[in-house]
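Undergrad: I would like to see how this sequence folds:
(one chain, ligands or ions: 2)
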Amino acid sequence: MLDFSPAVSFYRSTKARGVGLSRQAVESSARVAPDAPVPSAGTPAVRAEAIRKSFGDNVVLDAVDLTVGAGQVLVVIGPSGSGKSTLLRCINLLEPIDSGRIFFEGQEITARGVKVDQVRQRIGIVFQQFNLFPHLKVIDNLTLAARRVGKVPRAEAGLRALDLLKLVGLEDKTRQYPHQLSGGQQQRVAIARALMMAPHVMLFDEVTSALDPELVGEVLIVMRDLARSGMTMIVVTHEMQFARDVGDHLMFIDEGRIVEQGKPADVLDHPKEERTLRFLRRSLQLAESLEELTVGEVESHEEGGRE
Ligand SMILES: Nc1ncnc2c1ncn2[C@@H]1O[C@H](COP(=O)(O)OP(=O)(O)O)[C@@H](O)[C@H]1O
Ligand SMILES: [Mg+2]
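TA: Ligands and ions are numbered 1, 2, ... in the order given. The predicted structure is shown next:
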(Lines give C-alpha, C1' and ligand atoms only; values in the text may rest on other atoms or scores of the structure.)
(Ligands and ions follow the chains in the order given, each with its own letter.)
Protein backbone atom coordinates (compact mmCIF):
# COMPACT_ATOMS: atom_id res chain seq x y z
CA MET A 1 0.00 0.00 0.00
CA LEU A 2 1.15 3.53 -0.71
CA ASP A 3 1.46 5.41 2.54
CA PHE A 4 0.20 8.93 2.13
CA SER A 5 0.09 9.64 5.82
CA PRO A 6 2.94 12.16 5.79
CA ALA A 7 0.98 14.06 3.16
CA VAL A 8 -2.26 13.83 5.05
CA SER A 9 -1.67 16.62 7.45
CA PHE A 10 -4.80 16.60 9.49
CA TYR A 11 -6.80 14.29 11.68
CA ARG A 12 -6.16 10.64 11.23
CA SER A 13 -9.11 8.37 11.39
CA THR A 14 -8.98 5.04 13.12
CA LYS A 15 -8.39 3.64 9.65
CA ALA A 16 -4.85 4.93 9.79
CA ARG A 17 -3.90 3.21 13.00
CA GLY A 18 -0.40 3.78 14.20
CA VAL A 19 -0.17 7.18 12.59
CA GLY A 20 -0.62 9.52 15.48
CA LEU A 21 -2.24 12.87 15.06
CA SER A 22 0.45 15.45 15.21
CA ARG A 23 -0.72 18.45 17.15
CA GLN A 24 1.91 20.45 15.37
CA ALA A 25 0.51 19.49 11.99
CA VAL A 26 -2.90 20.70 13.06
CA GLU A 27 -1.69 23.95 14.52
CA SER A 28 0.67 24.83 11.74
CA SER A 29 -1.89 24.22 9.05
CA ALA A 30 -3.31 27.47 7.77
CA ARG A 31 -6.86 28.08 8.87
CA VAL A 32 -9.57 29.58 6.76
CA ALA A 33 -9.85 32.60 9.01
CA PRO A 34 -7.22 33.91 11.39
CA ASP A 35 -9.54 33.63 14.37
CA ALA A 36 -10.98 30.24 13.49
CA PRO A 37 -10.49 27.78 16.32
CA VAL A 38 -8.62 24.54 15.77
CA PRO A 39 -11.54 22.17 15.37
CA SER A 40 -11.97 19.49 17.99
CA ALA A 41 -11.75 15.85 17.02
CA GLY A 42 -15.53 15.41 16.82
CA THR A 43 -16.13 18.27 14.39
CA PRO A 44 -17.15 17.04 10.93
CA ALA A 45 -14.70 17.94 8.18
CA VAL A 46 -17.53 19.04 5.92
CA ARG A 47 -21.15 19.70 6.70
CA ALA A 48 -23.75 21.07 4.32
CA GLU A 49 -27.11 22.22 5.51
CA ALA A 50 -30.05 22.49 3.11
CA ILE A 51 -28.04 23.78 0.22
CA ARG A 52 -29.94 24.92 -2.83
CA LYS A 53 -28.60 25.91 -6.18
CA SER A 54 -30.38 26.80 -9.41
CA PHE A 55 -29.19 27.81 -12.82
CA GLY A 56 -32.07 29.95 -14.07
CA ASP A 57 -35.21 27.83 -13.68
CA ASN A 58 -33.21 24.66 -13.38
CA VAL A 59 -33.10 23.58 -9.73
CA VAL A 60 -29.85 21.63 -9.56
CA LEU A 61 -29.46 21.12 -5.81
CA ASP A 62 -32.62 21.00 -3.77
CA ALA A 63 -32.05 21.14 -0.02
CA VAL A 64 -29.05 18.84 0.13
CA ASP A 65 -27.66 17.99 3.57
CA LEU A 66 -24.47 16.09 4.15
CA THR A 67 -21.89 15.41 6.80
CA VAL A 68 -18.45 13.95 6.30
CA GLY A 69 -16.44 13.12 9.39
CA ALA A 70 -12.69 13.70 9.44
CA GLY A 71 -10.98 10.76 7.75
CA GLN A 72 -14.22 9.49 6.23
CA VAL A 73 -14.98 8.78 2.57
CA LEU A 74 -18.36 9.82 1.21
CA VAL A 75 -19.21 8.36 -2.19
CA VAL A 76 -21.82 10.12 -4.32
CA ILE A 77 -23.52 8.30 -7.17
CA GLY A 78 -26.31 9.36 -9.47
CA PRO A 79 -27.31 9.75 -13.10
CA SER A 80 -25.82 12.31 -15.42
CA GLY A 81 -27.22 15.77 -14.74
CA SER A 82 -28.32 14.94 -11.18
CA GLY A 83 -26.14 17.68 -9.66
CA LYS A 84 -23.07 15.75 -8.50
CA SER A 85 -20.48 18.07 -10.03
CA THR A 86 -22.40 21.12 -8.89
CA LEU A 87 -22.42 19.73 -5.36
CA LEU A 88 -18.63 19.40 -5.33
CA ARG A 89 -18.18 22.80 -6.94
CA CYS A 90 -20.37 24.41 -4.29
CA ILE A 91 -18.42 22.74 -1.48
CA ASN A 92 -15.20 24.04 -2.99
CA LEU A 93 -16.75 27.51 -3.36
CA LEU A 94 -16.34 27.40 -7.13
CA GLU A 95 -20.10 28.04 -7.35
CA PRO A 96 -22.05 30.25 -4.96
CA ILE A 97 -25.08 28.59 -3.38
CA ASP A 98 -28.51 30.23 -3.38
CA SER A 99 -29.35 29.25 0.18
CA GLY A 100 -28.24 26.93 2.94
CA ARG A 101 -24.89 26.77 4.67
CA ILE A 102 -21.64 24.91 4.25
CA PHE A 103 -19.25 24.31 7.12
CA PHE A 104 -15.63 23.29 6.83
CA GLU A 105 -14.06 22.04 10.05
CA GLY A 106 -16.74 23.79 12.02
CA GLN A 107 -16.47 27.14 10.34
CA GLU A 108 -19.17 28.40 8.00
CA ILE A 109 -17.44 28.98 4.68
CA THR A 110 -20.55 30.32 2.97
CA ALA A 111 -20.64 33.20 5.46
CA ARG A 112 -19.65 36.67 4.38
CA GLY A 113 -16.06 37.69 4.73
CA VAL A 114 -14.61 34.21 4.41
CA LYS A 115 -11.39 34.16 2.43
CA VAL A 116 -12.32 31.96 -0.50
CA ASP A 117 -8.73 31.34 -1.59
CA GLN A 118 -7.77 30.07 1.83
CA VAL A 119 -10.72 27.70 1.90
CA ARG A 120 -9.82 26.37 -1.54
CA GLN A 121 -6.28 25.63 -0.44
CA ARG A 122 -7.69 23.31 2.21
CA ILE A 123 -10.12 21.57 -0.13
CA GLY A 124 -8.40 19.88 -3.06
CA ILE A 125 -10.40 18.96 -6.13
CA VAL A 126 -9.61 16.65 -9.03
CA PHE A 127 -11.72 16.61 -12.18
CA GLN A 128 -12.50 14.10 -14.89
CA GLN A 129 -10.35 16.11 -17.30
CA PHE A 130 -6.98 16.36 -15.63
CA ASN A 131 -6.51 20.07 -16.39
CA LEU A 132 -2.73 19.87 -16.27
CA PHE A 133 -0.80 22.73 -17.81
CA PRO A 134 0.32 21.26 -21.15
CA HIS A 135 3.36 23.51 -21.47
CA LEU A 136 4.75 22.67 -18.05
CA LYS A 137 6.75 19.65 -17.01
CA VAL A 138 5.17 17.36 -14.43
CA ILE A 139 7.27 18.76 -11.61
CA ASP A 140 6.38 22.34 -12.54
CA ASN A 141 2.70 21.45 -12.75
CA LEU A 142 3.01 20.50 -9.09
CA THR A 143 5.14 23.36 -7.84
CA LEU A 144 3.49 26.26 -9.67
CA ALA A 145 0.40 26.67 -7.51
CA ALA A 146 2.30 25.97 -4.30
CA ARG A 147 4.82 28.68 -5.12
CA ARG A 148 2.36 31.26 -6.44
CA VAL A 149 -0.70 30.74 -4.28
CA GLY A 150 0.70 28.93 -1.28
CA LYS A 151 3.86 31.05 -1.22
CA VAL A 152 5.95 27.97 -0.62
CA PRO A 153 9.66 28.59 -1.36
CA ARG A 154 10.95 26.95 -4.55
CA ALA A 155 13.24 24.41 -2.89
CA GLU A 156 10.61 23.30 -0.43
CA ALA A 157 7.95 23.05 -3.15
CA GLY A 158 10.32 20.95 -5.24
CA LEU A 159 10.97 18.52 -2.41
CA ARG A 160 7.31 18.19 -1.58
CA ALA A 161 6.47 17.63 -5.24
CA LEU A 162 9.06 14.86 -5.48
CA ASP A 163 7.68 13.17 -2.38
CA LEU A 164 4.17 13.27 -3.78
CA LEU A 165 5.23 12.02 -7.20
CA LYS A 166 6.92 9.11 -5.47
CA LEU A 167 3.71 8.37 -3.62
CA VAL A 168 1.71 8.20 -6.84
CA GLY A 169 4.46 6.12 -8.46
CA LEU A 170 5.70 8.74 -10.93
CA GLU A 171 9.08 9.81 -9.59
CA ASP A 172 10.62 8.89 -12.94
CA LYS A 173 8.29 11.24 -14.86
CA THR A 174 9.16 14.55 -13.23
CA ARG A 175 10.74 16.00 -16.38
CA GLN A 176 8.09 14.79 -18.82
CA TYR A 177 5.32 16.90 -20.28
CA PRO A 178 1.71 15.84 -19.75
CA HIS A 179 1.26 14.69 -23.37
CA GLN A 180 4.09 12.19 -22.87
CA LEU A 181 2.09 10.41 -20.16
CA SER A 182 -0.87 8.05 -20.30
CA GLY A 183 -4.24 9.25 -19.08
CA GLY A 184 -3.84 7.28 -15.86
CA GLN A 185 -0.44 8.81 -15.23
CA GLN A 186 -1.78 12.29 -15.94
CA GLN A 187 -4.60 11.76 -13.51
CA ARG A 188 -2.12 10.62 -10.85
CA VAL A 189 -0.14 13.82 -11.49
CA ALA A 190 -3.37 15.79 -11.05
CA ILE A 191 -3.98 14.06 -7.70
CA ALA A 192 -0.41 14.75 -6.57
CA ARG A 193 -0.83 18.36 -7.64
CA ALA A 194 -4.00 18.71 -5.58
CA LEU A 195 -2.11 17.31 -2.57
CA MET A 196 0.61 19.97 -2.85
CA MET A 197 -1.41 22.47 -0.84
CA ALA A 198 -1.80 19.93 2.00
CA PRO A 199 -5.58 19.92 1.73
CA HIS A 200 -7.63 18.56 4.60
CA VAL A 201 -10.34 17.30 2.26
CA MET A 202 -10.15 15.97 -1.28
CA LEU A 203 -13.02 16.08 -3.76
CA PHE A 204 -12.94 13.73 -6.75
CA ASP A 205 -15.31 14.30 -9.65
CA GLU A 206 -15.53 11.17 -11.81
CA VAL A 207 -11.76 11.13 -12.09
CA THR A 208 -11.64 7.77 -13.87
CA SER A 209 -14.49 8.35 -16.30
CA ALA A 210 -12.32 9.63 -19.14
CA LEU A 211 -9.72 6.88 -18.82
CA ASP A 212 -9.23 3.78 -20.91
CA PRO A 213 -10.49 0.86 -18.83
CA GLU A 214 -7.05 -0.63 -18.24
CA LEU A 215 -5.86 2.66 -16.69
CA VAL A 216 -8.69 3.00 -14.20
CA GLY A 217 -7.17 0.66 -11.61
CA GLU A 218 -3.94 2.58 -11.07
CA VAL A 219 -5.90 5.73 -10.24
CA LEU A 220 -8.36 3.95 -7.97
CA ILE A 221 -5.46 2.37 -6.08
CA VAL A 222 -3.96 5.79 -5.40
CA MET A 223 -7.33 7.02 -4.17
CA ARG A 224 -7.84 3.93 -2.02
CA ASP A 225 -4.45 4.37 -0.37
CA LEU A 226 -5.04 8.05 0.16
CA ALA A 227 -8.27 7.16 1.95
CA ARG A 228 -6.49 4.55 4.05
CA SER A 229 -3.90 7.13 5.00
CA GLY A 230 -6.69 9.10 6.65
CA MET A 231 -7.65 11.65 4.02
CA THR A 232 -11.21 12.94 4.18
CA MET A 233 -12.74 12.47 0.73
CA ILE A 234 -15.92 13.08 -1.22
CA VAL A 235 -15.86 10.90 -4.31
CA VAL A 236 -18.29 11.15 -7.21
CA THR A 237 -17.87 7.94 -9.16
CA HIS A 238 -19.49 5.22 -11.22
CA GLU A 239 -17.03 2.65 -9.90
CA MET A 240 -19.33 0.63 -7.68
CA GLN A 241 -16.62 -1.74 -6.48
CA PHE A 242 -14.58 1.23 -5.29
CA ALA A 243 -17.66 2.70 -3.61
CA ARG A 244 -18.22 -0.56 -1.78
CA ASP A 245 -14.61 -1.17 -0.75
CA VAL A 246 -13.46 2.34 0.10
CA GLY A 247 -16.61 4.32 0.91
CA ASP A 248 -17.74 4.75 4.50
CA HIS A 249 -21.03 6.21 3.38
CA LEU A 250 -22.82 6.30 0.04
CA MET A 251 -25.36 8.77 -1.24
CA PHE A 252 -27.52 8.36 -4.32
CA ILE A 253 -28.74 11.64 -5.75
CA ASP A 254 -31.18 12.28 -8.55
CA GLU A 255 -32.53 15.59 -9.81
CA GLY A 256 -30.69 17.47 -7.10
CA ARG A 257 -32.12 15.50 -4.19
CA ILE A 258 -30.69 12.80 -2.01
CA VAL A 259 -32.86 9.81 -2.81
CA GLU A 260 -31.18 7.32 -0.54
CA GLN A 261 -28.04 6.94 1.56
CA GLY A 262 -26.34 4.60 3.95
CA LYS A 263 -23.51 2.10 4.15
CA PRO A 264 -22.32 1.46 0.60
CA ALA A 265 -23.01 -2.28 0.67
CA ASP A 266 -26.51 -1.75 2.06
CA VAL A 267 -27.50 0.79 -0.57
CA LEU A 268 -25.88 -1.12 -3.43
CA ASP A 269 -27.18 -4.56 -2.45
CA HIS A 270 -30.52 -3.62 -0.93
CA PRO A 271 -31.68 -0.29 -2.31
CA LYS A 272 -34.91 0.79 -0.69
CA GLU A 273 -36.02 3.21 -3.34
CA GLU A 274 -37.26 2.28 -6.78
CA ARG A 275 -35.19 5.04 -8.37
CA THR A 276 -31.99 3.76 -6.80
CA LEU A 277 -32.76 0.27 -7.97
CA ARG A 278 -33.39 1.45 -11.53
CA PHE A 279 -30.16 3.43 -11.59
CA LEU A 280 -28.10 0.53 -10.24
CA ARG A 281 -29.69 -1.93 -12.65
CA ARG A 282 -28.92 0.33 -15.54
CA SER A 283 -25.28 0.75 -14.47
CA LEU A 284 -24.92 -2.97 -13.97
CA GLN A 285 -26.53 -3.83 -17.23
CA LEU A 286 -24.26 -1.45 -19.03
CA ALA A 287 -21.25 -2.89 -17.31
CA GLU A 288 -22.07 -6.55 -17.61
CA SER A 289 -24.21 -7.16 -20.63
CA LEU A 290 -23.72 -4.38 -23.07
CA GLU A 291 -23.80 -6.74 -25.99
CA GLU A 292 -27.36 -7.73 -25.21
CA LEU A 293 -28.57 -4.15 -24.93
CA THR A 294 -29.81 -1.88 -27.69
CA VAL A 295 -29.69 1.89 -27.66
CA GLY A 296 -33.50 1.88 -27.66
CA GLU A 297 -33.63 -0.15 -24.47
CA VAL A 298 -31.16 2.09 -22.69
CA GLU A 299 -33.01 5.21 -23.79
CA SER A 300 -36.32 3.86 -22.57
CA HIS A 301 -34.70 3.21 -19.19
CA GLU A 302 -33.43 6.78 -19.16
CA GLU A 303 -36.89 8.13 -19.84
CA GLY A 304 -38.27 5.88 -17.15
CA GLY A 305 -35.73 7.41 -14.78
CA ARG A 306 -37.07 10.92 -15.27
CA GLU A 307 -40.51 11.02 -13.80
N1 LIG B 1 -22.63 26.56 -15.13
C2 LIG B 1 -23.84 26.06 -15.41
N3 LIG B 1 -24.78 26.83 -16.00
C4 LIG B 1 -26.01 26.35 -16.28
N5 LIG B 1 -26.41 25.10 -15.98
C6 LIG B 1 -25.52 24.28 -15.39
C7 LIG B 1 -24.20 24.72 -15.09
N8 LIG B 1 -23.53 23.69 -14.49
C9 LIG B 1 -24.41 22.66 -14.45
N10 LIG B 1 -25.60 23.02 -14.97
C11 LIG B 1 -26.79 22.16 -15.05
O12 LIG B 1 -27.01 21.62 -13.78
C13 LIG B 1 -27.48 20.30 -13.85
C14 LIG B 1 -26.58 19.39 -13.03
O15 LIG B 1 -25.30 19.36 -13.63
P16 LIG B 1 -24.07 18.64 -12.96
O17 LIG B 1 -23.91 19.13 -11.58
O18 LIG B 1 -22.94 18.80 -13.89
O19 LIG B 1 -24.59 17.13 -12.93
P20 LIG B 1 -23.76 15.76 -12.86
O21 LIG B 1 -22.38 16.08 -12.43
O22 LIG B 1 -24.53 14.94 -11.88
O23 LIG B 1 -23.83 15.18 -14.22
C24 LIG B 1 -27.54 19.95 -15.33
O25 LIG B 1 -28.86 20.14 -15.74
C26 LIG B 1 -26.61 20.96 -15.94
O27 LIG B 1 -27.00 21.23 -17.26
MG1 LIG C 1 -20.56 15.68 -13.31
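Undergrad: contacts and neighbour counts: CA atoms only from here.
TA: OK.
Undergrad: List the contacts of the residue nearest to the spatial centre of the chain.
TA: Geometric centre of the chain, nearest residue: residue 203, 2.0 Å, by Cα atoms, centre = their mean. If a contact means Cα atoms under 8 Å, 6 or more residues apart in numbering, then residue 203 has 88, 123-126, 233-235 as its contacts.
Undergrad: Closest one of these to ligand 1?
TA: Ranked by distance to ligand 1 (Cα to the nearest ligand atom), the contacts of residue 203 are led by residue 88 at 8.2 Å.
Undergrad: State the phi and psi torsions of the closest residue to that closest one other than its chain neighbours.
TA: Computed as Cα to Cα, 6 or more residues apart in numbering, the closest residue to residue 88 that is not its neighbour in sequence is residue 203, at 6.7 Å. Main-chain torsions, residue 203, degrees, to the nearest 10: phi -110, psi 130.
Undergrad: Next one, pLDDT for residue 203 please.
TA: Residue 203 is assigned 98 on the pLDDT scale.
Undergrad: In the stretch 51-200 of the chain, where is pLDDT below threshold?
TA: Applying pLDDT under 70 to the stretch 51-200 of the chain flags no residue at all.
Undergrad: What is the neighbour count of residue 108?
TA: Here the number of neighbours of residue 108 (other Cα atoms under 10 Å) works out to 16.
Undergrad: Now do the same contact list for it.
TA: With Cα under 8 Å, 6+ apart, residue 108 has these contacts: 101-102.
Undergrad: ok, it to ligand 1 distance?
TA: Residue 108 is 22 Å from ligand 1, where distance means Cα to the nearest ligand atom, to the nearest Å.
Undergrad: what does residue 209 give?
TA: Distance, residue 209 to ligand 1, by Cα to the nearest ligand atom: 12 Å.
Undergrad: isn't that residue right up against residue 128?
TA: Yes. Under the criterion of Cα atoms under 8 Å, residue 209 makes contact with residue 128 at 6.3 Å.
Undergrad: Regarding stretch 247-267, how distant is the last residue from the first?
TA: This stretch, stretch 247-267, spans 12 Å end to end (Cα to Cα, to the nearest Å).
Undergrad: quick one: it to chain centroid distance?
TA: 15 Å (Cα atoms, centre = their mean, to the nearest Å).
Undergrad: Just the buried positions in that stretch, please.
TA: The neighbour-count criterion (16 or more other Cα atoms under 10 Å) identifies 247-261, 263-265, 267 as the buried residues of stretch 247-267.
Undergrad: Show me which residues of the chain are close to ligand 1?
TA: Contacts of the chain with ligand 1, taken as Cα under 6 Å from any ligand atom, map to 55, 60, 80-86.
Undergrad: can you rerun that using 8 Å?
TA: Listed as neighbours of ligand 1 in the chain under the rule Cα under 8 Å from any ligand atom: 54-56, 58-61, 78-87, 205, 254-256.
Undergrad: Which members of those occur in helices, if any?
TA: 84-87 (DSSP state H).
Undergrad: how close does the closest residue to residue 247 other than its chain neighbours sit to residue 104?
TA: Closest residue to residue 247 apart from its sequence neighbours, by Cα to Cα, 6+ apart: residue 73 at 5.0 Å. Separation of residue 73 from residue 104 (Cα to Cα): 15 Å.
Undergrad: likewise residue 177?
TA: From residue 177 to residue 104 the distance is 35 Å (Cα to Cα).
Undergrad: Which residue of those two possesses the greater neighbour count?
TA: residue 104 (24 against 19).
Undergrad: That one is in contact with residue 43, isn't it?
TA: No. Residue 104 is not in contact with residue 43 according to Cα under 8 Å; the separation is 9.1 Å.
Undergrad: residue boundaries of the strands in the protein?
TA: 46-55, 58-68, 73-77, 99-104, 107-108, 123-126, 201-205, 232-236, 249-254, 257-262 (DSSP state E).
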